[in-house]
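> Using only what follows, build the 3D model:
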Amino acid sequence: MIVWRKSFPRRKRPLGYLRLLRARHLFYDRMGFRRDKDGRFGYGVIPGYQSAMWRWHNRYKGRRCFILGNGPSLATMDVGPLRKEITIGSNGVYTQFDEWGFKLNYLLFEDLEQTELRGPEIHKVKGVTKLASLYNAYAFRADESTYFFNARIGNKKYWNEMAPMFSTNFADIVYLGSTVTYIALQLAFYLGCDPVYLIGVDHNYGELPKLFPPGKITVTEENYPLVQQCHFDKNYYKIGDQIGVPNVKLQDDAYAKAREVFEAHGRHVYNAGVDSKLEAFERCEYGPLFAKKS
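Presented below is the predicted three-dimensional model:
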């Protein structure tokens, strides 16, 4: 299925289609010529993205990790202590890597508008494992550090009858929850992380959800001041960009589902952010997490 937006430039669609085909072809194992671990060239099974991600299961079992949202509070927090932690971020957070002096371990993309917007830069981000849904493959050039996951597209049946669903097997399928943070939680679960701490997940979109229904809008001069209040960088978006107005109710339901699954497995998620309106998870203070470790 091709799900690019109608506004995706026609001149880019042939290349985008080839990228989609390639990502789907590489998702599963396949037969072909390859080099084995000893460097010998021969014919055999070439692992796909799915097989590669299977090996991630419980990679960090029992170790804590931090999921970074892109809310305004992130700019007020000292992220330096995360340099040696397991970290997961999303979308435009990579724009802060140079300022921070380190990179996160995992960088996620799923939203079509976000992926198209960041597409020209994604392949330039090095030293981080980049993950995107298969249907995002058309929007950017994948490199050796890119993996595509199988996300279930959120159609009306999913949102109205099935959602939220939480995957405990990230390599096989990933479910949507109206926020990329929900995907990050499924990745953290699959990696075996416990506990998981959220920072920068402000769950506060100001006046936007009051003025616009859930869905996509164009950033204009009139709504730009409202948009600027929603992220760690006031220039996160520019006028003319397409952005999503979140369905906060769906997000709340998804976060509740994530907590339910984590706790059913004896694991925990905490909100360690500041100025956050997210109440689905137990709160804790950020600073003492590192004082105790030292």
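> show me what contacts Lys12?
With contact set as Cβ atoms under 8 Å, 6 or more residues apart in numbering, Lys12 has no partners. Any C-beta I mention is one placed from the backbone N, CA and C, and that applies to glycine too.
> ok, now Arg141?
Counting by Cβ under 8 Å, 6+ apart, Arg141 has contacts Arg19, Ile122, His123.
> so is it in a helix, a strand, or just coil?
coil (DSSP: H, G, I helix; E, B strand; the rest coil).
> Give me the phi and psi for it.
phi -90, psi 120 (degrees, to the nearest 10).
> and if you look at Leu185?
Dihedral angles (degrees, to the nearest 10) for Leu185: phi -70, psi -40.
> Contacts only, for it.
Contacts of Leu185 by Cβ under 8 Å, 6+ apart are Ile67, Phe166, Val196, Ala258, Phe262, Val269.
> hmm, 7 Å instead?
Shown in contact with Leu185 (Cβ atoms under 7 Å, 6 or more residues apart in numbering): Ile67, Val196, Ala258, Val269.
> Nearest to the spatial middle of this protein, which residue is it?
Leu108 (3.1 Å; Cα atoms, centre = their mean).
> Show me the beta-bridge partners of it.
Ser90, Leu131 (DSSP bridges).
> Would you mind giving me the ChimeraX syntax to select the buried ones in the contacts of Arg141?
Buried subset of the contacts of Arg141, written as a ChimeraX selection, criterion 16 or more other Cβ atoms under 10 Å:
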select :19,122
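> Flag every buried residue along stretch 285-293.
Neighbour count says stretch 285-293 has Tyr286, Leu289 buried, by 16+ other Cβ under 10 Å.
> Can you show me the CA trace of that stretch as CSV?
C-alpha atoms of stretch 285-293 as CSV (Å, rounded to 0.1, in the frame of the first residue of the first chain):
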residue,chain,number,x,y,z
GLU,A,285,12.0,13.5,40.1
TYR,A,286,14.7,13.5,37.4
GLY,A,287,17.7,14.8,39.3
PRO,A,288,17.8,12.1,42.1
LEU,A,289,17.9,9.3,39.4
PHE,A,290,21.5,10.2,38.8
ALA,A,291,22.5,11.1,42.3
LYS,A,292,21.4,7.6,43.4
LYS,A,293,23.4,6.0,40.6
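> Show the low-confidence segments of the protein, by residue range.
1-2, 292-294 (pLDDT under 70).
> C-terminal to the helix ranked longest in it, what's the next element?
In the chain, taking DSSP state H as the definition, the longest helix is helix 248-264. Going down the chain from helix 248-264, the next helix or strand is strand 269-271, by DSSP states H and E.
> partners of that next one in the sheet?
Strand 269-271 has these strand partners (DSSP bridges): strand 196-199 (parallel), strand 282-283 (parallel).
> Since that was my last question, I'll sign off now.
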